[in-house]
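Undergrad: here are the coordinates; sequence isn't available:
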């Protein structure tokens, strides 16, 4: 119940054994049709800050340049992040399982990674910035543009500051109960 997104992290990141646990947790997500749609690309250490350049180039190519303050903030943020996992989805190539099902499976896998990272004492943050929705970014990270969907980045590391507690909404504000209609 204490898990929350932690954007500002630094080294150390997960060890190889811890990373194996985080990625293994991802693959325990629900997967309608056993499609195994998850695709992950590890970006570590000195390669992490180069992710900003990928987004900048894609923005220029799309005639949608990223605002300089956003670029500067991304560079500052990523300068300390020890591990980024680029997130992708490969929907069912046969079309038997709807794409939405595979996207949901990847979202569940990322949530499992967030929970696993938290349980191991790390902070983690799922970002859809740095050009996630621009053509060319996923491809630059090794995703197949024709058959895969790039879904953003998961940054993982040791929290720089202790996370502030977050006031969560009351679950009752988001739940209703359905009853079958009375027979006529």
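TA: Noted; the coordinates are in hand. Keep in mind it's a predicted model, so treat the numbers as computed, not measured.
Undergrad: Could you check which helix or strand contains the nearest residue to residue 32 once chain neighbours are set aside?
TA: Closest residue in space to residue 32, ignoring its immediate chain neighbours: residue 101 at 4.4 Å, by Cβ to Cβ, 6 or more residues apart in numbering. C-beta coordinates here come from the backbone N, C-alpha and C atoms, glycine included. Element membership of residue 101, judged by DSSP states H and E, is helix 99-119.
Undergrad: ok so, going back, ok, how many other residues are close to the residue nearest to residue 32?
TA: Residue 101 has 17 neighbours, counted by other Cβ atoms under 10 Å.
Undergrad: That one against residue 34, yeah?
TA: No - with contact defined as Cβ atoms under 8 Å, residue 101 does not count as touching residue 34 (11.1 Å).
Undergrad: Please name the residues that touch residue 151.
TA: 87, 88, 89, 103, 106, 107, 110, 128, 132 (Cβ atoms under 8 Å, 6 or more residues apart in numbering).
Undergrad: Can you list the strands that the strand or helix carrying it pairs with?
TA: Residue 151 is located in strand 149-159, with elements delineated by DSSP H and E. Using DSSP bridges, the strands paired with strand 149-159 in its sheet are strand 9-10 (antiparallel), strand 83-89 (antiparallel), strand 123-127 (antiparallel).
Undergrad: Please work out which of those is packed deepest.
TA: Greatest average neighbour count among the strands paired with strand 149-159 goes to strand 83-89 (a mean of 24), per mean count of other Cβ atoms under 10 Å.
Undergrad: ok and it relative to helix 99-119, angle-wise?
TA: Inter-element angle recorded for strand 83-89 and helix 99-119: 160 degrees (by axes from the mean of the first three to the mean of the last three Cα atoms, to 10 degrees).
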